[in-house]
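Peer 1: sequence below, structure please.
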Amino acid sequence: MHQFKLPYHLIVDEGIFGRIPSVMEDVDAGIASKKTIIVTEENLKGIFENILKGIEESFTDSEMYLIQQASYDNAVSLAKYITMNDIKVVIGFGGGTVLDLAKFAAFVSKARLISLPTTLSNDSLASPVAVLGTEGKARKTFKCTIPDAILVDANIIMSAPTRQLLSGIGDTVSKYTALNDWKIAHVKGEDHVDDFAYMISKMAFNSICYNDQKELKSIDFIKRLTQALVMGGLAMEIAGTSRPSSGSEHLFCHALEENFAEYVNVPHGIAVAMGSYGACKFQNRNIAKITRIIKEYGIPVVPSDWKITEDIFIGAWQTASASRPDRYTILNETDLSAERLRKLYYEMEDVFANPN
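Peer 2: Below you'll find the predicted structure:
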């Protein structure tokens, strides 16, 4: 049976970043005096200078580590530095790239990991995988650990651009088609569905799908979205695979990133929400449900708005399966002809260009 771990703390509160040692004391006595490394980016250091300074001062033996690029080599270098310097606590402060690098480095070095997200744009804050750059523009998904604590400062999240929250919503919405792809693979004998992980991921989707609170910059919604993203991450940890959160819609996103990065740059959560519409059509599922959610939240999925041309759209879907050849999805058994995908492209242009 797959062994999994759960975070000790998940707290969403205003000003929580100023109380990290006291929050973690029940898990790790004397944590404030242990050697600590705070992993973040140069631009975030400038934006959140006072907050980072406060975190640094609350850990008496701490240092700042500014990442240049979320690559596998850099993650390994950081893990080596942590190990060689006997660092016990890793704090990841930032968005998905920072948190992924911090997660992998903490996993390799076996240090305690505290996740401090500055955005809620995807489930990196809790997922047991890290997406890191490898050769050229390619990125690869590596298994790692989930954080020991996930602390979300509502004030910081509310100050982030709305589009980042929409990306987080999109990442949650994509579970609708990801879960069905998992079932499809199971029926074909290509995978096994973990019922408990499936349920947790479905709960994450439902919490956003059937949410009456649409005021994104409110503490109530920040808490709901945080919980949804964390549930998605925990579902992956429980299942021992990214299946509960990643299906054909994610393969579409990977294909955009790997094959068309020089032409388009779509935030991960927006890209998978865009892919969910197509995946839902391929799966012959309730397209009205996905359409309603995307429109209610105003997730920007019109392909041309992201410089995705008809040819790029077709190419991304036709090369999607190749981005993860070991993952069986609806793409393995559906018509991906240029004619059908061209029709889908213009359907999305029409459906989502009209807000009503």
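
Peer 1: OK, contacts around residue 104?
Peer 2: Contact analysis of residue 104 by Cβ atoms under 8 Å, 6 or more residues apart in numbering lists 72, 75, 79, 130, 132, 142, 144. Where you see a C-beta, it was placed from the backbone N, CA and C, and this is true even at glycine.

Peer 1: format those residues as JSON lines; extra columns: distance to residue 218, secondary structure and neighbour count.
Peer 2: Output for the contacts of residue 104, formatted as JSON lines (distance: Cβ to Cβ, whole Å; DSSP: H, G, I helix; E, B strand; the rest coil; neighbours: other Cβ atoms under 10 Å):
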{"residue": "72", "distance to residue 218": "38", "secondary structure": "helix", "neighbour count": "18"}
{"residue": "75", "distance to residue 218": "35", "secondary structure": "helix", "neighbour count": "27"}
{"residue": "79", "distance to residue 218": "38", "secondary structure": "helix", "neighbour count": "20"}
{"residue": "130", "distance to residue 218": "31", "secondary structure": "strand", "neighbour count": "27"}
{"residue": "132", "distance to residue 218": "34", "secondary structure": "strand", "neighbour count": "23"}
{"residue": "142", "distance to residue 218": "35", "secondary structure": "strand", "neighbour count": "18"}
{"residue": "144", "distance to residue 218": "32", "secondary structure": "coil", "neighbour count": "20"}
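
Peer 1: residue 9 - how many residues pack around it?
Peer 2: 16 (other Cβ atoms under 10 Å).

Peer 1: whoops, I mixed them up, residue 199
Peer 2: Other residues close to residue 199 by other Cβ under 10 Å number 15.

Peer 1: helix, strand, or coil at it?
Peer 2: What DSSP: H, G, I helix; E, B strand; the rest coil gives for residue 199 is helix.

Peer 1: secondary structure class for residue 342?
Peer 2: Reduced to three states by three-state DSSP, residue 342 is helix.

Peer 1: same check on residue 331?
Peer 2: With three-state DSSP as the criterion, residue 331 reads helix.

Peer 1: cool, residue 166 as well?
Peer 2: Residue 166 ends up helix, using three-state DSSP.

Peer 1: for it, give me its contacts.
Peer 2: 216, 269-270, 297-300.

Peer 1: kindly report the same for residue 248.
Peer 2: Contacts of residue 248 (Cβ under 8 Å, 6+ apart): 177-178, 181, 275, 278-279, 282, 320, 329-331.

Peer 1: quick check: buried residues in stretch 202-221?
Peer 2: Under the neighbour-count criterion of 16 or more other Cβ atoms under 10 Å, stretch 202-221 has 202, 204-205, 208-209, 211, 216, 221 buried.

Peer 1: looking at those residues, which are in helices?
Peer 2: 202, 204-205, 208-209, 221 (DSSP state H).

Peer 1: I appreciate the help and will end here.
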